[in-house]
Every structure is written in structure tokens, then in C-alpha cells.
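Peer 1: sequence isn't available, so here's the structure alone:
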């Protein structure tokens, strides 16, 4: 079984500042990793995913994440945030291979102030 | 591509009534759909896996007689909350897989259920 830890429940940041949302996981096997964004009263939208290959993954809306196997982390970053990035962000992990349902972290609320 | 439509987006009902929530894959066929429940400020809790043409697989602790799931076609799964009570009030989200891979899911917009 795997688990996901999102250390920060809330991250406040000013507009145009950089941001990093932290995600650590634990698993005894190879994993796939995901970041989702959820806007208020909406479902989840996939931001990016790591399945294999380059450890630096670029996603939509200018976000990127880096898979660090030794530190079992998959932190999400954006060099300059906008007000519209205010949302809930979920990290998820699944065992590699297609038949495994992801486990979601508790979420991090990103709050961008003007 | 890979659009999932969930309806209704919001429902308010009286205690004791049943509520049906629909989840449709609009531009792909989904042999597997998932139903999640999300409490305020918390993550998604998987309730059940809905398989087209067969019985749903429920997670431990989820009452199958309370949360009825039907997946009658490759594009539609329904969740019926039977005899709803205030403690069933929550945000319910469905998702679907576009292929055989269960780890890449496309989510509906969710349904906010409020039971009075």
C-alpha cells in the first residue's frame, strides 16, 4: 500500500511570487505520481503526471513538478503565480502499472493575495 | 477530449428521500467509473468502483444498500443515495477512465448534496 503526505494544509503567497507545494509519498514499489487542481465546487483537473522518463514534469498553467526518488518527493512549483491559481491542490500516488487506483493526499490550499 | 459530465451540480432534499446522481463520459467509453466522497477541507475518499455490466466494488465501510451504483452502459454510471439523512450531506465526485488504465482518471464537476 502507498500513502501521500501533503505537509502544508494552506500556503498563502503574493501574486507574481514563486510557490512550491510539497508532496511526499511512501511505497514499497515503483509509483506513478499526479497533481490535481480543484477550484471551488468543482471536480479535479489533472495538472501533470509522472509515469516514467524525465523526472522534471511540466504541466498545464505553467506548473511543473520534480520526481525525487531518493527523497520520495514530488513537489509542485510555479515561478510566478496569479490570482486565478487560488485553489485546492491534491497530490496522488499509485503503484506503477495501469490497474491501480491512486491514493490522494489531504490537499493544500493555495491562496494568492494581490 | 476526455470530458466527464456530472449532474446535478447541486441538490437539496428532505431527509428520507432518495437522490440520484448521474455521471456521463461524453466523448469516450468508460468501462470503469469511480465514485468519491469529499468532506469539507479533506481529500477524496473512494466509495466504490463502478464496472460496466457488473456489480460495483465497494470500499470497506461503505454501505452498498445505502449507496446504489448502476453502470448500465459504457458512458453512464449512476449513484443513488437511498433514504438520505443529514449525515449524507457531502460533495460527491465521479471519475472515469478513458482506457484500461485506472490510474489516469477524468473527473466530473461534482455534486453538492444537502439533506435537510
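Peer 2: Arrived safely, thanks for sending. This one's a predicted model, so the numbers in the text were calculated from it and none came from an experiment.

Peer 1: only C-alpha atoms for contact and neighbour calcs from this point on.
Peer 2: Noted.

Peer 1: ranges for the strands of chain B?
Peer 2: Here chain B has its strands, by DSSP state E, at B:4-7, B:10-13, B:19-25, B:32-38, B:44-51, B:57-58, B:67-73, B:76-81, B:90-97, B:105-107, B:111-115.

Peer 1: does the nearest residue to residue A:12 once chain neighbours are set aside sit in a helix or strand, and which one?
Peer 2: Excluding its sequence neighbours, the residue lying closest to residue A:12 (Cα to Cα, 6 or more residues apart in numbering or on different chains) is residue A:111, at 4.7 Å. Here residue A:111 is covered by strand A:108-113, with elements defined by DSSP states H and E.

Peer 1: same question for that strand: list its buried residues.
Peer 2: By neighbour count with 16 or more other Cα atoms under 10 Å in any protein chain shown, strand A:108-113 contains the buried residues A:108-112.

Peer 1: pLDDT weak spots in chain A?
Peer 2: A:98 (pLDDT under 70).

Peer 1: return the distance of the helix or strand containing residue A:77 from the chain's centre.
Peer 2: According to DSSP H and E, residue A:77 maps onto strand A:73-78. Taking Cα atoms, centre = their mean, to the nearest Å, the mean C-alpha location of strand A:73-78 is offset from the chain mean by 6 Å.

Peer 1: which is the succeeding secondary structure element to it?
Peer 2: strand A:87-95.

Peer 1: other SSEs contacting the following helix or strand past that following strand?
Peer 2: Heading C-terminal from strand A:87-95, the first helix or strand you meet, by DSSP H and E, is strand A:103-104. If you count contacts as 3 or more Cα pairs under 8 Å, 6 or more residues apart in numbering or on different chains; DSSP states H and E, strand A:103-104 packs onto strand A:3-5, strand A:87-95.

Peer 1: strand A:103-104 pairs with which strands, parallel or anti?
Peer 2: strand A:87-95 (antiparallel) (DSSP bridges).

Peer 1: angle of the strand it pairs with against strand A:108-113?
Peer 2: 150 degrees (axes from the mean of the first three to the mean of the last three Cα atoms, to 10 degrees).

Peer 1: who touches strand A:87-95?
Peer 2: Contact with strand A:87-95 is made by A:2-4, A:6, A:23, A:25, A:27, A:29-40, A:100-111, B:43, B:103, as judged by Cα atoms under 8 Å, 6 or more residues apart in numbering or on different chains.

Peer 1: name only those of these that count as buried.
Peer 2: Using 16+ other Cα under 10 Å as the burial test, these include A:2, A:4, A:6, A:23, A:25, A:31-38, A:100-111, B:43, B:103 as buried.

Peer 1: can you tell me if stretch A:13-28 touches chain B.
Peer 2: No: judged by Cα under 8 Å from any Cα of the partner chain, stretch A:13-28 makes no contact with chain B; its nearest approach is 13.8 Å.

Peer 1: what does chain A have sitting close to chain B?
Peer 2: Residues of chain A lying close to chain B (Cα under 8 Å from any Cα) are A:41-46, A:90, A:94, A:97-102, A:104-107.

Peer 1: which pLDDT does the model give the residue most central in space within chain B?
Peer 2: Central residue of chain B (Cα atoms, centre = their mean): residue B:35, 3.5 Å from the mean position. pLDDT recorded at residue B:35 is 96.
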